[in-house]
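Colleague: this one's structure only:
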């Protein structure tokens, strides 16, 4: 993709940048691979808001993505590169030799006409091919990484993300996550060779509140701009510091930089190096 700018004829366009969509080869999605998307606006099954600042937005449909890549040893050709409103990365429509069609997250540089394959055996290290991580040499970038064999890709699915294979030893492979964390995954876990497409997405600036609303986000108000009855940071005449030892959430719990991972989580033993600096 490329990034384009427009003449600043309005305040919202002055700081905005846009996707030029030049890598898109097909406008309408494959109808058999789309599902209606129900709007929940951050509410749970009881109708209570559990995720704030969500709601509205443009109407979307879900594209059914093949995260498992479980159609083994059947070559497939890329018939189109498409836009998916539910993610930053592009998706590729695969036509298999037996006539089946599936969507996958497209890697950087993938084009129409390329052939990819998924197999439990060793395959050529080529973008879009999927295989167990034990067959990937050290230093190769991969994405759509499984945490458990057969459960489908969970890691590095966002635009421009990739994971680097550090090596394979015993039952596990070492991978370096986008965050810098180094962890172990079982060597039978499937990965896709390459880097998730559309890495330039991070450089797009929305420029106006309206574009943010069309993405399904509602306004976020600072706690310090509220009254004391509404937020621990609220109150005071004019612009005031929060007046607390550390920031708090609206409900009085510690916020900003507080570690929330369970110290007894079963997968802690699989993490060799945590991301970021160690906090007390």
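Modeller: Cool, the structure landed. All values reported here derive from a predicted model rather than from experimental measurement.
Colleague: avg pLDDT for stretch 178-189?
Modeller: Across stretch 178-189, the average pLDDT comes to 94.
Colleague: Show me the domain layout of this structure.
Modeller: Using automatic domain parsing, the domain parsing of the chain gives 19-202, 221-280.
Colleague: Which one of these lies nearest to residue 215?
Modeller: Closest to residue 215 of the domains of the chain is domain 19-202 (C-beta to C-beta; 5.9 Å). All C-beta spots, glycine's among them, are computed from the backbone N, C-alpha and C.
Colleague: Run the chain-centre distance for that closest one.
Modeller: Centroid separation for domain 19-202 versus its chain: 9 Å, with C-alpha atoms, centre = their mean, to the nearest Å.
Colleague: Going forward, count from 619.
Modeller: Sure, I'll start counting at 619 from here, so that last one is domain 637-820.
Colleague: Which residue comes closest to the residue nearest the centre of the chain once chain neighbours are left out?
Modeller: By C-alpha atoms, centre = their mean, the chain has its centre lying nearest to residue 776, at 2.9 Å. Excluding the flanking residues, the one nearest residue 776 by C-beta to C-beta, 6 or more residues apart in numbering is residue 706, at 5.8 Å.
Colleague: which SS class is the one you found?
Modeller: Assigned state for residue 706: coil (three-state reduction, DSSP: H, G, I helix; E, B strand; the rest coil).
Colleague: Run through the helices of the stretch 619-768 of the chain in chain order.
Modeller: 629-632 (DSSP state H, counting those that start in this stretch).
Colleague: per-residue confidence at the closest residue to residue 860 other than its chain neighbours?
Modeller: Excluding the flanking residues, the one nearest residue 860 by C-beta to C-beta, 6+ apart is residue 851, at 4.4 Å. With respect to pLDDT, residue 851 scores 95.
Colleague: Take the domains of the chain and lay them out in a markdown table including distance to residue 831.
Modeller: Converted to a markdown table, the domains of the chain look like this (distance: least, C-beta to C-beta, whole Å):
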| stretch | distance to residue 831 |
| --- | --- |
| domain 637-820 | 6 |
| domain 839-898 | 15 |
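Colleague: which stretch among the ones you listed comes nearest residue 619?
Modeller: domain 637-820 (5.3 Å).
Colleague: Next, the distance between the ends of that closest one.
Modeller: From its first residue to its last, domain 637-820 covers 11 Å (C-alpha to C-alpha, to the nearest Å).
Colleague: about what we covered before: so the residue nearest to residue 860 lies in a strand, does it not?
Modeller: No - if the criterion is three-state DSSP, then residue 851 is coil and not within a strand.
Colleague: Let me see the contact set for it.
Modeller: 840-842, 844, 860, 862, 865-866 (C-beta atoms under 8 Å, 6 or more residues apart in numbering).
Colleague: and if you look at residue 870?
Modeller: Here residue 870 is in contact with residue 850 (C-beta under 8 Å, 6+ apart).
Colleague: now residue 858, nearest residue through space, not along the chain?
Modeller: residue 842 (6.8 Å).
Colleague: SS state for that neighbour?
Modeller: Assigned state for residue 842: helix (three-state reduction, three-state DSSP).
Colleague: Quick one: neighbours of it, just the number.
Modeller: Neighbour count for residue 842, taken as other C-beta atoms under 10 Å: 17.
Colleague: So what's the predicted local confidence for residue 879?
Modeller: At residue 879, the pLDDT value in this model is 88.
Colleague: Confirm that it sits in a helix.
Modeller: No - counting by three-state DSSP, residue 879 is not part of a helix but coil.
Colleague: Quick check: phi and psi on the closest residue in space to it that isn't next to it in sequence?
Modeller: Sequence neighbours aside, residue 886 is the residue nearest to residue 879 in space, at 7.8 Å (criterion: C-beta to C-beta, 6+ apart). For residue 886, the backbone dihedrals (degrees, to the nearest 10) come out as phi -60, psi -30.
Colleague: Please identify the deepest-packed of the domains of the chain.
Modeller: domain 637-820 (a mean of 17; mean count of other C-beta atoms under 10 Å).
Colleague: ends of stretch 694-708, how far apart?
Modeller: Start-to-end, stretch 694-708 (C-alpha to C-alpha) is 18 Å.
Colleague: repeat for stretch 675-693
Modeller: OK, stretch 675-693 end separation, C-alpha to C-alpha: 38 Å.
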